[in-house]
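> A predicted structure for the sequence below; I have some questions about it.
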Amino acid sequence: MNRREFVRSLSLGLTALTFNRLSPRSCARYALTTATPNIVLIYADDLGYGDIGCYGAKRVITPNIDRLAKEGIRFTEAYSTAATCTPSRYSLLTGQYAWRREGTGIAPGDAASIIPTDIITLPSMLGKAGYKSGAVGKWHLGLGEDKPDWNGEIKPGPCELGFDYCFIIPATGDRVPCVFVENHRVAGLDPNDPIQVSYYENVGDDPTGISNPEMLKMKADNYHSNTIVNGISRIGYMSGGNAARWTDEDIADRLTAKSIAFLEKNQHNPFFLYFALHDVHVPRVPNPRFVGKTDMGPRGDVIVQADWCVGQILTALDKLGLTDNTLVIFSSDNGPVLNDGYEDQAVERVGDHKIAGPLRGGKYSSFEGGTRVPFLMRWPRKVKPGESHALVSQIDLIAAFAGLTGQELSTNDAPDSIDILAALLGQSSEGREYLVQEALGGYLSLRRGDWKYIAPGEWRKTVRGNETGRDSEPQLFNLKDDIKEIWNLAGERPEILLEMQNLLQRIQNSGDRLIMKTGL
């Protein structure tokens, strides 16, 4: 009996045992909720492998995230699919590598929706199993048919992709418009003060970082020196929408409150919450109660703030009596970066804190620090605490949760997502055989076993202070012996190099699931 058959039989068995005591409607709901858990995915932004206590950080205290590690499984070799945010989020929600689709690089703040509405997504798949899904926090996957209508109905968006509710930051905190979107409209917008947005020319009379630097809370580079909102200059120009504009110091509180409200509303049915934190992305502006909680300045303080957000969610689950049967995942969209456009002393005050732990590179990079990220998974009813060295990727959540809920994905659905549920539940030490990593600019790398291959590309040493890992010659590393990716073995192991090159080419020509099923 395979796992999907087991899940189905378990559901039927539980239903049969309680049939005489429950109504038909209650019986169906009982079978679903006891066979499958609620799911909460907390997705940090730009959080590095070494940024939290359970992965070795000493100068920032993260007790709530560490609680997940203590009560669940800490994965040491887990990956986002890309070293930047938009492609990672695309892959997580669709089960398809973002580099397969044009227009999935870092999205501008006024981008149209980049996920087709006619494909299966993580929330739409779970919806077929009776889940209610909510998206709260950073979106950055585009909105609208062409560009968002900030003063009208904004669609397609999360609610056209399977989410039943959303309260989102449209793009990033450093991009205009600096407003929240709730379902299909800007939250709190005064129709008499319409929003205008442009990424090409100034609109309205709002001050900018270049014209009015004396108004800034923190200095920024020229790229981040357009319209000033809440004393912070942004990428792009904005006017209007003053009543709807956010206050950066309150973003974490507001997103957390919306997330908890979703949990409370849906506590009596299976739910999926995608809580995409703003932290630790720039601009880093912690709430005053977190200022000075570390000696690393705003970047350290917003890590503490992110930990608080996690703690609030865990406390809410405890109070609602949902902890035992809620699967909680905590991870990050890509690796870390210190100086990403604002002068917030991240570089000057980092000291001996290793943002990527033992790894080389960070955000934007082909090196391991770009995509190897924290990944914690807790499900008290099912999972024993521990540590796993299984190779896992965020792209696999859709296939794993399809298996968990007894669903079968078609060949065209989530083509790069592999069902590694046994590894996620700690029942197997084997995860993926291989995975693809995407760096800034669409440059690809391949991890297989202990080997790491970085395909050649246009040489560039750094981006925002992080090594890119790019070279005009192919690179091959043995991560078991060389975690810092120092010794290029391409010349010494040509047979391994050729195998890796050929496998990457096959992956580019066919979906992961088809390759692993047929051995193409």
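Happy to help now that I have it. Numbering: from 1, shown residues only.
> give the contact list for Y364.
83-84, 337, 370, 439-440, 463-464, 466, 468 (C-beta atoms under 8 Å, 6 or more residues apart in numbering). (Each C-beta comes from the backbone N, C-alpha and C, glycine too.)
> and which of those residues is nearest to L479?
In terms of C-beta to C-beta, no member of the contacts of Y364 lies closer to L479 than G370, at 13.7 Å.
> residues in contact with the closest one?
83, 334-335, 361-364, 437, 439, 466, 469.
> can you rerun that using 7 Å?
Each residue near G370 by C-beta atoms under 7 Å, 6 or more residues apart in numbering is listed here: 83, 334-335, 361-364, 437, 439.
> And the contacts of Y364, which is closest to G142?
Distance to G142, by C-beta to C-beta, is smallest for T84 among the contacts of Y364, at 14.6 Å.
> Would you agree that closest one is in contact with L440?
Yes: using C-beta atoms under 7 Å as the test, T84 is close enough to L440 to be in contact (5.6 Å).
> Those two: who's more crowded?
T84 (28 against 23; other C-beta atoms under 10 Å).
> got the contact list for the more buried one?
Taking C-beta under 7 Å, 6+ apart, we find T84 in contact with 106, 334, 363-364, 440.
> List the residue ranges of the stretch 51-200 of the chain that fall below the pLDDT cut-off.
For the stretch 51-200 of the chain, no stretch is flagged by pLDDT under 70.
> so where do the helices sit in it?
For the stretch 51-200 of the chain, helices defined by DSSP state H, counting those that start in this stretch occupy the ranges 63-71, 85-94, 122-128.
> and the residue nearest to the spatial centre of the chain, how far is that from P374?
Nearest to the mean C-alpha position of the chain, counting by C-alpha atoms, centre = their mean, stands D333 at 3.6 Å. Per C-beta to C-beta, to the nearest Å, D333 is found 11 Å from P374.
> ok, C309 touching V280?
No: using C-beta under 7 Å, C309 makes no contact with V280, being 11.4 Å away.
> who has more neighbours, those two?
V280 (27 against 23).
> can I have stretch 439-449 written out in PDB, keeping just the CAs?
The C-alpha trace of stretch 439-449 is given here as PDB (Å, rounded to 0.1, in the frame of the first residue of the first chain):
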ATOM      1  CA  ALA A 439      21.000  33.300  -8.600                       C
ATOM      2  CA  LEU A 440      20.300  36.900  -9.600                       C
ATOM      3  CA  GLY A 441      20.100  37.200 -13.400                       C
ATOM      4  CA  GLY A 442      18.800  33.600 -13.900                       C
ATOM      5  CA  TYR A 443      22.300  31.900 -13.400                       C
ATOM      6  CA  LEU A 444      21.800  28.300 -12.500                       C
ATOM      7  CA  SER A 445      23.600  25.900 -10.200                       C
ATOM      8  CA  LEU A 446      23.000  22.200  -9.500                       C
ATOM      9  CA  ARG A 447      23.300  20.400  -6.100                       C
ATOM     10  CA  ARG A 448      23.400  16.600  -6.300                       C
ATOM     11  CA  GLY A 449      24.600  14.600  -3.300                       C
END
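> what's that stretch in contact with?
For stretch 439-449, contacts defined as C-beta under 7 Å, 6+ apart pick out 83-84, 99, 364-366, 370, 433-438, 452-455, 457, 463, 468-470, 500, 503-504.
> The helix ranked longest in the chain to helix 63-71, inter-axis angle?
Secondary structure of the chain per DSSP state H: the longest helix is helix 298-319. Using axes from the mean of the first three to the mean of the last three C-alpha atoms, to 10 degrees, the direction of helix 298-319 lies 60 degrees away from that of helix 63-71.
> what packs against helix 298-319?
In this structure, helix 298-319 makes packing contacts with strand 38-44, helix 63-71, helix 251-265, judged by 3 or more C-beta pairs under 7 Å, 6 or more residues apart in numbering; DSSP states H and E.
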